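Student: this is the structure alone, sequence omitted:
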């Protein structure tokens, strides 16, 4: 796709017809088929569309696809170009207001819709963001950095390092808070990774995204961005947090600790939940209310460092009935250094794979156990199976979330391959990934409408 | 049910109960849309593109309605005139507002997201009567597909009306065809009145910039007021605004029984939830506002005899918004008729619903890829199109043995489908069904019975009861009258009417009784005693048994007694 292509999305026969007629996208055209005549603005066509239709925007505002045949006649009767730019707002530095750096990693941070074309106009520069989300202007001074443009599902551990390094750089340069705009699918992996890697944090690092794109009125993008800006600029937290909608209304955003948060729904706006614990706080009506006080406090220093040693040769495996032993063998043969198991219940797996796990551990592969229940601690002394697993050297991860354990093992194996050291690091809490107890109100799942919050 | 707080714009825009990703269009809806497009002789669109239409009034929680065109440029014949059909769309239905409490609106979401077909006629209908006829014809055609639900509100008409010099005004929610002519007439009256107001304002040389939004807080004036309406509670303030040279304008009647001030108040209520406004063309003493307060108010607002003013009592933010709407509406009145969407009211008037949206709020739905209309599906649907109802006459005559006149009237009165269902399903005599549907009902209407209130489902039940011998055909009139009077079901109506059918044995006993009591008359008059005795028996059994049976038995008994 090229921005210069004035017949964007059109291919083959239809493109030839359009070229012959001398029309381009945004031309007002008359398309004459033997049985009907249509008039409208020629719109770009989706790359996934077939080669036989043109897309017209009719005068009524509706779009239709018209089949182009051998005998079709196309005439240009006007030109009505679309505009793909936001009106830019002049940005002045406001003295006395905190400086927040927004790091873009891909996807759309905020955008505005062009009704005429249906195009989503992305907003990224401070000028564009202030134009799309004017509330930001009263919260902070904003600088933006586009680090890379990748979908969150394509993130790699190496990307986490890059993000961490850029965050540290911005803080040490003077940012009073950093926002990392991130796709939601793997945001909790990145938040965990940044939690482990960023050392001596002195300001908030807030990951934010949107569950609903900004081309729809139910988008959560603007409010998430506003709430994140509030947390980044004003909160006294000096940790990596995720700030996303707390309910399906626009009434409050939750501030989640980076190592205990998880995306729990494919599409709800309040998909992000703190699991097995309560969130750090919430943002409502422009103010922050902390729900707990055991968090690292903001300080003035600018000596944030990144511990970027990682070993990405780690796999995350669900255990399940019927799991075949050769799967573990393949993992070992392929040269992986660590396996995180999301075991059943208290941290179990089928008996049939135990010899292979034992073999893996003997080969020097670190095997850590979490629970696919997500809520609750693994308890490997309760049943025989757990005791067997402990005996062969499986590392019990307490109530660490499987994804967090995966990220942590990557981080830990970057520092040591020594089995005892790995065990020591995996089982001790570094930044909230393992809690000392589970609060009575930490189990929060909607149950048929009962919101046990 | 879903609740929206009108004061909080963010909540209303984003409250989204649809938490799952959108589903694809229902195949069935697509086929029905296609069928209607073909019936309306429209050109079916080759590739369907789902568009979104933003609805920020709260009636669609996700903020937009999905809609797509299936057919373009169709037509329908109405009394010899061809009415063009511009578009046939498939859309998602919205939530229905059920009530308002202050600034909170309650919606019923039972039809939210249900597919509906929208048929748009070209703006070429010229009279209220033609409007009704066209709507009726389209409804008839829809019914012929057998896929239209019965009952009020299943076919809804949105009417767009404009007069010369006026503007397009859309009136939504017309649930009964019968409302249309009056509604159209009242809207014409409204637009003509607004044009007269415009001309009068032009004559008074008022310009838009004269109408300033200078809101004065006049709470002090009414601090100790005896007016219940203006008595302040909590954080309420009394705010007022001056409308220069507007004296008398707010009192102009714009629709039967509705003055311009009321129309503005309705708009204020629709947007802010505020119950009402007070203006200078009203009898302020009726509100308990005394002369001293009025003169103080006029002094503060610097209002003179040529001017008008508007007062509201509300928390400051709502009051300010209300007066902003008042001034904006006053400015609009300089230009005549504003384009807006209005809600039909039962009295034939309408009230403000929202600004009229143009095509500008339509944009492509990013969730749904275009749908190529399979030519095979098209052909399949085209091959099984129902017959046009107005072409059914000869068939009806031949198949059901009814008169041509009956057949024609069944079609034109829209009763042909019910007729066929009843006859085909219950095997009731076609002539009886036709005569009840066409004559009995009409006779009842003439007698002042609200036959309209008896739904088709209820009528069908009545015929089922006839077919099962549970009521006699003589009972139909009184039964329908009862059903129309009261909202009871057929069993309850029968109980109230005491129309339990009579067995022949019971009838014989009753006839015996009457005969025995009147042996003298029979002896005296012989066969001629039949008439008076028949009257006596029928008085007791009318509606409970077929009259011819009564006659048979009675004749037999009379013969026995008279020894004939």
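Tutor: Cool, the structure landed. All figures in this text were calculated on a predicted structure; none of them were measured in a lab.

Student: going forward, measure contacts and count neighbours with C-alpha atoms only.
Tutor: Fine.

Student: and the pLDDT at residue B:6?
Tutor: We have a pLDDT of 44 for residue B:6.

Student: same check on residue A:449?
Tutor: 52.

Student: residue of the stretch 51-200 of chain B nearest chain A, please.
Tutor: Closest to chain A within the stretch 51-200 of chain B is residue B:63: 5.1 Å, counting by Cα to the nearest Cα.

Student: test my guess that that residue contacts residue A:215.
Tutor: No: Residue B:63 is beyond contact range of residue A:215, at 10.6 Å (criterion: Cα atoms under 8 Å).

Student: just the element for residue B:423, please.
Tutor: helix B:416-426 (DSSP states H and E).

Student: next: residue A:226.
Tutor: With DSSP H and E as the criterion, residue A:226 is inside helix A:221-234.

Student: and residue B:431, by the same measure?
Tutor: Going by DSSP H and E, residue B:431 is in helix B:430-435.

Student: which is the next helix or strand following that helix?
Tutor: Going down the chain from helix B:430-435, the next helix or strand is helix B:441-446, by DSSP H and E.

Student: so which bits of that next one are buried?
Tutor: B:441, B:444 (16 or more other Cα atoms under 10 Å in any protein chain shown).

Student: what is the burial count for the residue of the stretch 51-200 of chain B closest to chain A?
Tutor: Using other Cα atoms under 10 Å in any protein chain shown, residue B:63 has 23 neighbouring residues.

Student: re the thing from before, which neighbours do residue B:63 and residue A:215 share?
Tutor: Taking Cα atoms under 8 Å, 6 or more residues apart in numbering or on different chains as the criterion, residue B:63 and residue A:215 do not both touch any residue.

Student: low-scoring stretches of chain A, by residue?
Tutor: A:1-4, A:83-88, A:107-122, A:444-453 (pLDDT under 70).

Student: chain B contacts on that one?
Tutor: A:35-36, A:49, A:53, A:59-67, A:115-118, A:216-220, A:248-251, A:266-269 (Cα under 8 Å from any Cα of the partner chain).

Student: the same query, at a cut-off of 7 Å, please.
Tutor: Contacts of chain A with chain B, taken as Cα under 7 Å from any Cα of the partner chain, map to A:36, A:60-67, A:115-118, A:217-219, A:248-250, A:267-268.

Student: before we move on, back to that, in the helix holding residue B:423, which residues are buried?
Tutor: Buried, per 16+ other Cα under 10 Å, within helix B:416-426: B:416-420, B:422-423, B:426.

Student: could you do stretch B:476-487 as well?
Tutor: Quick answer for stretch B:476-487 (16+ other Cα under 10 Å): B:476-484.

Student: quick one: pLDDT of the closest residue to residue B:134 other than its chain neighbours?
Tutor: The spatially closest residue to residue B:134, leaving aside those adjacent along the chain, is residue B:78, at 5.9 Å (Cα to Cα, 6 or more residues apart in numbering or on different chains). Looking at residue B:78, its pLDDT stands at 86.

Student: next up, the contacts around residue A:242.
Tutor: A:206-208, A:255-258 (Cα atoms under 7 Å, 6 or more residues apart in numbering or on different chains).

Student: of those residues, which pair is most distant in space?
Tutor: A:208 and A:257 (12.6 Å; Cα to Cα).

Student: so for those two, which residue has more residues nearby?
Tutor: Under the criterion of other Cα under 10 Å, the comparison of residue A:208 against residue A:257 puts residue A:257 first, with 30 against 25.

Student: in the sheet, who's paired with the more buried one?
Tutor: residue A:241 (DSSP bridges).

Student: got the domain ranges for chain B?
Tutor: B:1-123+B:358-388, B:208-330, B:392-497, B:504-562 (automatic domain parsing).

Student: between these, which gets nearest to residue A:350?
Tutor: Closest among the domains of chain B, using Cα to Cα: domain B:1-123+B:358-388, at 34.6 Å.

Student: so how far is the closest one off the chain centroid?
Tutor: Between the centre of domain B:1-123+B:358-388 and the centre of its chain there are 19 Å (Cα atoms, centre = their mean, to the nearest Å).

Student: equivalent analysis for stretch A:135-154, please.
Tutor: Distance, stretch centre to chain centre, for stretch A:135-154: 13 Å (Cα atoms, centre = their mean).

Student: who's in contact with it?
Tutor: Under Cα under 7 Å, 6+ apart, the answer for stretch A:135-154 is A:93-94, A:97-107, A:125-126, A:130, A:182-186, A:226, A:229-230, A:233.

Student: just the terminal-to-terminal distance for that stretch.
Tutor: Counting by Cα to Cα, to the nearest Å, you get 32 Å between the two ends of stretch A:135-154.

Student: same question, stretch B:201-220
Tutor: With Cα to Cα applied, stretch B:201-220 spans 32 Å between its terminal residues.

Student: now that stretch: buried residues?
Tutor: So for stretch B:201-220, counting by 16+ other Cα under 10 Å, buried means B:201, B:206, B:211, B:213, B:215-219.

Student: likewise for stretch A:13-31?
Tutor: Quick answer for stretch A:13-31 (16+ other Cα under 10 Å): A:14-15, A:17-18, A:23-31.

Student: what sits up against it?
Tutor: Identification of contacts with stretch A:13-31 by Cα under 7 Å, 6+ apart yields A:6-7, A:37-44, A:51-53, A:68, A:72-82.

Student: would you map the strands across the stretch 101-250 of chain B?
Tutor: B:104-108, B:115-121, B:157-161, B:169-174, B:216-217, B:236-243 (DSSP state E, counting those that start in this stretch).
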